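S.K.: Provide a 3D model corresponding to the input given below.
(one chain, ligands or ions: 1)
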Amino acid sequence: MVKIPKSHPRYWSLYYREKIIEGMEKGMTAKAGLIAHGRGEAFDYLIGERTIEAAERAMKAAVAKLLLAKHPVISVNGNVAALVPKETIELAKALNAKLEINLFYRTEERVKTIAEELRKYDPEIELLGINPTKRIPGLEHERGKVDENGIWKADVVVVPLEDGDRTEALVNMGKFVITVDLNPLSRSARMADITIVDNIVRAYPRMTELAREMKDYSRDELMKIIEDYDNGKTLSDVLIHIRDRLTKLAEGGIWRKKTLE
Ligand code: PTJ
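M.R.: All right, here's what the predicted structure looks like:
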């Protein structure tokens, strides 16, 4: 990994970019994952590279739903394994959720490499999706393979940084789908039951904090949070946030003022 000086004004952005490149070089992240990351970066710029109120609201509803779930599963893909391996394990533990490696561009080699990466952070962690025997109806080829004890059986599934097709197929299977996606306009964002429009590097640690806080809430309190939640409003609020932010920037002037001589 290229060493980036901490003093660099874009340190964190470059740091995670290097993580994704490293993930690809290790054989975890798909080449298309680099493109997906760039798209995420662009939306993060528009949002302001921070967790906005609409995302916080969505995270709270997601955590409430996951705490109430009978069989919650968190899906792991190549981008997630490169960016937040440790944080994914922490979140699964805080929620008592299972982890399933589920890849869009599935190869057995990638599954194995991702499992090895995750086990660096917890050698005992249970990982599903290694030998999946079930298939998501309507999804062709490798990407539809799921674990009988994982996504197949799950009532609530977290599918971050996901392709819209698979999100839709999971919704059609009757799953409650939670996604983390920086693009509020993506098919995944619009298909999911709860959409967290935030960078996964910020969202997962915050969700873990929320899970630890909310695990003592009563069933009624958790149900109320879910009932009051409106995903359509969340997505609208994100778009309004971007619009207002861009208007403010355009009116205030963001360019370096320079006198031409
Ligand atoms: O590892 P695989 O084989 O399962 O493949 C993973 C990718 C990401 C290549 C695959 O799922 C894919 O093609 O996804 P899409 O359709 O490009 O969607 C990924 C979405 O994640 C895009 O809408 C991005 O804006 C968003 N995204 C990218 N990086 C982040 C992100 N959202 C949150 N946090 C990020 N760091």
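
S.K.: quick one: the strands in the stretch 151-261 of the chain, in order.
M.R.: 156-158, 176-180, 194-196 (DSSP state E, counting those that start in this stretch).

S.K.: would you turn these into a markdown table with mean neighbour count, distance to Glu49 and mean pLDDT?
M.R.: Backbone N, C-alpha and C define where each C-beta goes, glycine included. Formatted as a markdown table, the strands of the stretch 151-261 of the chain follow (neighbours: other C-beta atoms under 10 Å; distance: least, C-beta to C-beta, whole Å; pLDDT from 0 to 100):
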| stretch | mean neighbour count | distance to Glu49 | mean pLDDT |
| --- | --- | --- | --- |
| strand 156-158 | 28 | 22 | 98 |
| strand 176-180 | 26 | 15 | 98 |
| strand 194-196 | 28 | 15 | 98 |
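
S.K.: what's the helix or strand for Tyr15?
M.R.: Element membership of Tyr15 [criterion: DSSP states H and E] is helix 11-26.

S.K.: shaky segments in the chain?
M.R.: 257-261 (pLDDT under 70).

S.K.: what segments of it are helices?
M.R.: 11-26, 31-47, 53-68, 78-83, 85-95, 108-121, 164-172, 187-191, 200-214, 219-227, 231-252 (DSSP state H).

S.K.: deepest of those helices, which one?
M.R.: Here the criterion is mean neighbour count by mean count of other C-beta atoms under 10 Å, and of these the winner is helix 78-83, at a mean of 26.

S.K.: contact residues of the stretch 151-261 of the chain facing the ligand?
M.R.: 161-163, 180-183, 186, 199-201 (C-beta under 6 Å from any ligand atom).

S.K.: need the max-distance pair from these.
M.R.: Farthest-apart pair in those is Asp163 and Val201; separation 20.0 Å (C-beta to C-beta).

S.K.: which of the helices of the chain sits closest to His141?
M.R.: Of all those, it is helix 164-172 that lies closest to His141, at 11.6 Å by C-beta to C-beta.

S.K.: which residues are contacting the closest one?
M.R.: Here helix 164-172 makes contact (C-beta atoms under 8 Å, 6 or more residues apart in numbering) with 104, 136-139, 143-144, 151, 157, 159, 177, 179, 186-188, 190-193.

S.K.: kindly export that helix (C-alpha atoms) in PDB.
M.R.: Extracted in PDB, the C-alpha atoms of helix 164-172 (Å, rounded to 0.1, in the frame of the first residue of the first chain):
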ATOM      1  CA  GLY A 164     -30.000  -3.400  -7.700                       C
ATOM      2  CA  ASP A 165     -31.000  -6.600  -9.400                       C
ATOM      3  CA  ARG A 166     -30.100  -8.700  -6.400                       C
ATOM      4  CA  THR A 167     -31.600  -6.300  -3.900                       C
ATOM      5  CA  GLU A 168     -34.900  -6.600  -5.900                       C
ATOM      6  CA  ALA A 169     -34.600 -10.400  -6.000                       C
ATOM      7  CA  LEU A 170     -34.200 -10.500  -2.200                       C
ATOM      8  CA  VAL A 171     -37.200  -8.200  -1.700                       C
ATOM      9  CA  ASN A 172     -39.200 -10.500  -4.000                       C
END
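
S.K.: that helix vs strand 176-180, what angle?
M.R.: Between the axes of helix 164-172 and strand 176-180, defined by axes from the mean of the first three to the mean of the last three C-alpha atoms, to 10 degrees, the angle is 150 degrees.

S.K.: could you check how far helix 164-172 is from the centre of its chain?
M.R.: Counting by C-alpha atoms, centre = their mean, to the nearest Å, helix 164-172 is centred 15 Å from the centre of its parent chain.

S.K.: same check on stretch 151-158?
M.R.: Offset of stretch 151-158 from its chain centre (C-alpha atoms, centre = their mean): 15 Å.

S.K.: what about that stretch, start to end distance?
M.R.: End-to-end span of stretch 151-158 (C-alpha to C-alpha, to the nearest Å): 9 Å.

S.K.: swap in stretch 132-139?
M.R.: End-to-end distance for stretch 132-139, by C-alpha to C-alpha: 14 Å.
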